[in-house]
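>>> any chance you could fold what I've pasted below:
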Amino acid sequence: MIIDIKPSTKTNKRFQATILQHNGIEKKIDFGLKDGTTFIDGRTNNERLAYLKRHLANKTEKKLIENLIPSASLLSATLLWGKHKSLSKNVHELNKLWLNRR
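Purely as a prediction, here's the structure:
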């Protein structure tokens, strides 16, 4: 479950998510390009679909995304390029998916 999202301390990353894992340990994941623009920034739905298609073509990323494995790939696909133009709504959706998997 995502418990916090804040600006990343890494120079080339946009956000850092703190995730509470099933074992109770917190994990920090930096994701998103620092100067990139995404669906939550106003990119079009066609651009969103192209992003998802491009990244799901990569077998490693596809496995991480489809299996909801906490990773930069999953967070970028679901939070920055998710169904909603709102980061907070996308966080809520991902947290619901994780809770429903238990």
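
>>> ranges for the strands of the chain?
Assigned strands in the chain, in chain order: 2-7, 13-20, 26-33 (criterion: DSSP state E).

>>> tell me the buried residues in stretch 55-73?
55, 61, 64-65, 70-73 (16 or more other C-beta atoms under 10 Å). C-beta: built from backbone N, CA, C; applies to glycine.

>>> so how far is Thr60 from Asn45?
Distance, Asn45 to Thr60, using C-beta to C-beta, to the nearest Å: 25 Å.

>>> where does this structure have low pLDDT?
Residue ranges of the chain with pLDDT under 70: 102.

>>> ok so, going back, and the two most separated of the buried residues of stretch 55-73?
Spatially, the most separated pair among the buried residues of stretch 55-73 is His55 and Pro70, at 16.1 Å (C-beta to C-beta).

>>> how many neighbours does the residue nearest to Gly32 when sequence neighbours are not counted have?
Residue nearest to Gly32 in three dimensions, not counting chain neighbours: Arg14, with 3.5 Å by C-beta to C-beta, 6 or more residues apart in numbering. By the criterion of other C-beta atoms under 10 Å, Arg14 has 17 neighbours.
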